[in-house]
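Engineer: Return a 3D structure for these sequence lines:
(2 chains)
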Protein chains: 2
Amino acid sequence: MAGTRRSEPPDVADMPPEEFREWGRAAVDWIARYLDEVEGYPVLAQVRPGELRARLPENAPEAGESFTDIFRDFETSILPGVTHWNHPSFHGYFAVTGSGPGILGELFAAALNVNAMVWRSSPAGTELEEHVVDWLRVLLGLPDGFVGVIQDTASSNSLTALAAARHRAYPEVREKGLFALPRGRIYASEEAHSSIDKAGIMLGLGHEGVRKIGADREFRMEPAALRAAIREDLAAGIRPVAVVATVGTTSTSSPDPVHDIWTIAKEFGLWLHVDAAYAGASAMVPELRRHFRGWEQADSVVFNPHKWLFTPVDCSVLLTRSPEEVRGALALTPEYLRTREAGVTTNLMDYGIALGRRFRALKLWFVLRYFGAEGIRDRIRHHVSLAQTFSSWVDEAPEWERAAPVPFSTVVFRRAPSGLTGAEQDTLNLETMERVNATGEVFLSHTRLHDRVWLRLSIGNLRTGRRHLERTWHLLRTLGAEEEGIPTVAASPDQRQS
Amino acid sequence: MAGTRRSEPPDVADMPPEEFREWGRAAVDWIARYLDEVEGYPVLAQVRPGELRARLPENAPEAGESFTDIFRDFETSILPGVTHWNHPSFHGYFAVTGSGPGILGELFAAALNVNAMVWRSSPAGTELEEHVVDWLRVLLGLPDGFVGVIQDTASSNSLTALAAARHRAYPEVREKGLFALPRGRIYASEEAHSSIDKAGIMLGLGHEGVRKIGADREFRMEPAALRAAIREDLAAGIRPVAVVATVGTTSTSSPDPVHDIWTIAKEFGLWLHVDAAYAGASAMVPELRRHFRGWEQADSVVFNPHKWLFTPVDCSVLLTRSPEEVRGALALTPEYLRTREAGVTTNLMDYGIALGRRFRALKLWFVLRYFGAEGIRDRIRHHVSLAQTFSSWVDEAPEWERAAPVPFSTVVFRRAPSGLTGAEQDTLNLETMERVNATGEVFLSHTRLHDRVWLRLSIGNLRTGRRHLERTWHLLRTLGAEEEGIPTVAASPDQRQS
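Structural biologist: The predicted structure is shown next:
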C-alpha cells in the first residue's frame, strides 16, 4: 500500500517512510531514556573550546550517509558538547523544561512544516495561535482586549512592542524615519534585560535612547526616579517614547511596581511594555499574581512559555491591547500575500519581525492540555517552594547571604566571610562557582549587583527535587572552603548506574 | 531500572518516560504514514475563517487531559485546518520540504532543548552551528572569510545585516541614534522582498529610506539606475547606507546582476547585502552558480535552508565577511552572560536580534549528511528540470504566456486570451487560481507585475513529480475555460485509496 504513490526515483526523493519510521522510533526511544537518565550526564559540557569542531570532518560529505552513522556521531561527537538544560541540577540563567508533550508538539510542527504567515497559508497555524494565546490571556488574568502573537524570543517581542511605541511617539517615523526628529527615550530600570538596550539600538533611538532608572534595595524600579527622569527629559526637549517595567528581572527576579509605573506612563501618555519573560507564567498562580498588579493596564506584555511553561525553546508570547498600533507600525502586505480572506482573518506576519512563522502554537496547545491549568500551577508552586527551601538554608548559614527576596523560583546569594574584602569575596564566589560547575553535577550562573559578584540558583526543571538542592548546597559549602575533596565528574549515565 | 531516579511526585513531574515512548512512537508512525499519503489530503485547507476556533473549548482545561484525547482532537480539529505544505502539488509562495532527516533533527533539538546564546550554554550548539554554516559556505562557493549564524528567518537576517550597514554609514548611531543625522538610504530593486522595507522601517530609516531601483524586462535591477539614484541622493545630501541585491526575487525568481551591483557598491563604499533566501541553496549546483556571480564580494548573504534545502522551517543562514561590524553594531554582554571562555569562543547571540537561540544546526547537519552534497544537487536539478518542463508547456500553449525566464524552479505565467482586456485577463487568472485551489488538488499563488496579475508555480517538494504537474496543467486549462467539470476535492486519504 505504502509506496504505490511514490513515483519519484529514490535519488530525488525524501527519506523513505519505512526508514523514517525506523529511525523515528529509535529517536523516540533514545529521548525517553535520555530524559529519564539525564542526571547521569555532566550538566555543564566538559569540553574545551574547539574540541567539537576538531572532531568533525572539514567538509560536508559528497555522498549521502546512513542514519546509523549520523546517529553514532550524534552520540559520540555532539552529545559530549551539550550542556544539559534537562538536568535536574541545571540552575543557570533561568532553568527550563521542554517537557514530553512540548517535544511531541515540536515533532508534529516539524512534520507539518507549515508557514503561518497569512491565514490561508495555514488556517490552523493562525487560529490555534490566536486561540491558545487567548487561553493564556485568561489564565494570566489579563482582560479581554489583549490579543497576541507568538515569536521566537522576548528580544523579538520587546523589539516589536517598542517599534509600536516609537510609532505612537513619532507618527511620521514609519515613512520618514527618525532623521530631524527630537531625540527620544525609552525608560527601563537598571535591572532591565539587555534586550531592551538592543531594541533601542535597533530602532535607531541609540543606546542613549534607553535611560536607566534607579532601583530600590530590592532591585525594583523607583517610580519617583522614573517621574523625575521623564520630567528632566521633557524639560531638555527629549521626547519620552515608552516605559518598560520588568516583572522578574534577570539578576534577582525582582518585580517592578507595575501599577505605580503605569500611573506615570499614563500621566505622560507613554506606551507601557511589561517584560515578564521569565516570571509571566507564574501569574497563573493566584497567590503570585500580586507581583503583576498593574500589568493589565499595559499596552504590551511579553512572557516566554519556553522559560517557565514547560515548552521547548523557542516560544515567546506578545500580548497587546493596541494591536492596531503594532500593525500600523509594521504591517506590509506585498501582492503575493494578498488573499481573499484579508479583513475577516488575521495575518500574524503583521504583528512581528519575521514573515516566516513556525507552527509554535501546537506545542503550547499540547502542554496546556496535557498538564492542565491546575497541573501547571502545581508545578510552578513546587518550584517556588523549592526555591524558598534553598533560600532558608542560605539564610541560616553563617557567612552566607542573600541579595534579594525570592518572589519566584530564583535565589541570589553568596558567601561573604567577614575576614575578606569585597573583591576577595568576589573571587571566592567566582572560584566556588567554577569548581561546582566543573564537577558536572550542578550548573549555576552568576550576576553582579552593587558591583559585587553574586551566585544565582534558578529552578524551572520538572526533574528537580529537594535531594538535588541538598547536593548543590553541600558542594557549594565544601568546594568553596578547600581545595581538596572535589568529587569526580560523572562520566556517563552507565557508569553512574553501576 | 527506569524509575529509580524519579523521586518527584507525579503531580509535579514531566510526562513519564513510558508514556513519552508510547506516544512518541505513535507520533512517528502517524508522521511516516502522513508523509507517504499526504497527496490524499486537500492541499489548501478547505475551512472557513473562524471554523477551527469555533471547534475549540473557550478556555484551557483545568485538569490535565490524556494524550489519547489530545491526539484525537489534533486529527479531528487541527488537521482539517492545515494547508499541506508537504503536498506534492503545493506550488504556492516558494514550495519547500521539511524532509525526514530534518524532522528528526528538530525532534532531537526539542529534546535537548539547549539555548545556544553563549558558547558555555551549549558548546555543541555553538560549534556545530559554526561548522555546518562553514560547510555550507564551501558548498555555495563563498570564499574563506565568510562566517555565519543561523536565525529564524531572512527577515531577521536582513534586518541584522542592514543594522550593521547602518552602523558603518553612521558610526555614531549605536550610541546617539539617528536623530540629527543626515537622511540615509538603502537601495533595492522594485522586485526586492518586503522584508527589506520592514528592515528600513524598523531601523528608523523610514520607508522613504528604502529607495526602489527600476528593473529590466526580466525583473533584474538596472545597475545604471542604481548608480543614478545614488548620485542623485548624494547630490541631495542623502547618505547611502547599503545596497540589497536579490538572487531569486519573490515574484519571478529573477537574479539581480550581483557583480555589476557590487562594483557600484564598492565605488561608493556601501554595504552590499545579497538576499538569496530562496535561490541560495542552488548555488551548490555548478551550472546554476553563474546566477550568483559577484556575491562572493558581498558584505552579507542570506539564504534559507528552510526554503530549498529540505530543512524544516525555521532556518535562515546569514553569512558575512564583516562579522566584527555586525558585532560592533549589536553586541551587548550583560554580566550574567560573561564567561571565562569569552575571547576564545564565539557567542552567537552577538550576531543577531534574539538572545535565545534554538539548536537549529542539528537539523541542518542531519540533512547535509543524509542526502550528501551530491544528493542535494540532484534534487535541486530535478526541481529545475520539472520547472523547465512546465515552462515549456506554457510556451507551447496558445493564449498562455510566461512573465520571465525560469532560472530556478519557479514559473510565472498566465492565460491571456486575445479577446480580453488586461483587467478581464486579471479576473480570469485570479478566478482560475481560486477554482484550481478550491479543488484541493493543487495550490498556486499569484503576483502582480507591470500591474497585471500573474500566476506562480514554484517547485521545491521532494514528492513532486511530472504527473503532478500534468494534472495541475490540466486543471488550469480546463477550470479556467468553463464553469463545469470541477472535480470533487479529495476528502481524506482513505477515500482516495479506495
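
Engineer: In contact with A:Val82, which residues?
Structural biologist: A:Val82 makes contact with A:41, A:45, B:112, B:114, B:122-125, according to C-beta atoms under 8 Å, 6 or more residues apart in numbering or on different chains. C-betas here are computed from N, CA, C, even on glycine.

Engineer: go again using 7 Å as the cut-off
Structural biologist: Contacts for A:Val82 (C-beta atoms under 7 Å, 6 or more residues apart in numbering or on different chains) come out as A:45, B:112, B:114, B:122, B:124.

Engineer: Check A:Ala438 too.
Structural biologist: Contacts of A:Ala438 by C-beta under 7 Å, 6+ apart: none found.

Engineer: Taking the contacts of A:Val82 together, which two end up most distant?
Structural biologist: A:Ala45 and B:Leu112 (11.3 Å; C-beta to C-beta).

Engineer: hang on, the earlier thing: quick check, nearest of the contacts of A:Val82 to A:Gly419?
Structural biologist: Checking the contacts of A:Val82 against A:Gly419 by C-beta to C-beta gives A:Ala45 as the nearest, at 35.5 Å.

Engineer: Next, the residue of the stretch 151-300 of chain A at minimum distance from chain B: secondary structure please.
Structural biologist: Closest residue of the stretch 151-300 of chain A to chain B, C-beta to the nearest C-beta: A:Gly204 (2.4 Å). The three-state assignment at A:Gly204 reads coil, by DSSP: H, G, I helix; E, B strand; the rest coil.

Engineer: How about it: what's its closest non-neighbour residue?
Structural biologist: Take A:Gly204 and drop its neighbours on the chain: the residue closest to it by C-beta to C-beta, 6 or more residues apart in numbering or on different chains is B:Gly204, 2.4 Å away.

Engineer: In contact with A:Tyr370, which residues are there?
Structural biologist: Contacts of A:Tyr370 (C-beta under 7 Å, 6+ apart): A:101, B:15, B:64-65, B:67, B:70.

Engineer: Can you name the helix or strand that it falls in?
Structural biologist: Per DSSP states H and E: A:Tyr370 is located in helix A:361-396.

Engineer: and the helix or strand following that helix, what's its mean pLDDT?
Structural biologist: Going down the chain from helix A:361-396, the next helix or strand is strand A:400-402, by DSSP H and E. Throughout strand A:400-402, pLDDT has a mean value of 97.

Engineer: Run the chain-centre distance for strand A:400-402.
Structural biologist: Chain-centre distance of strand A:400-402: 27 Å, with C-alpha atoms, centre = their mean, to the nearest Å.

Engineer: now the angle from the next helix or strand after that strand to helix A:361-396?
Structural biologist: Using DSSP H and E, the next helix or strand after strand A:400-402 towards the C-terminus is strand A:410-415. For strand A:410-415 against helix A:361-396, the angle by axes from the mean of the first three to the mean of the last three C-alpha atoms, to 10 degrees is 30 degrees.

Engineer: Mind exporting the C-alpha coordinates of strand A:410-415 to CSV?
Structural biologist: Listed next in CSV are the C-alpha coordinates belonging to strand A:410-415 (Å, rounded to 0.1, in the frame of the first residue of the first chain):
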residue,chain,number,x,y,z
THR,A,410,15.4,32.2,41.7
VAL,A,411,17.7,32.6,44.7
VAL,A,412,20.6,35.1,44.5
PHE,A,413,23.2,34.5,47.2
ARG,A,414,26.9,34.5,48.0
ARG,A,415,29.5,33.5,50.5
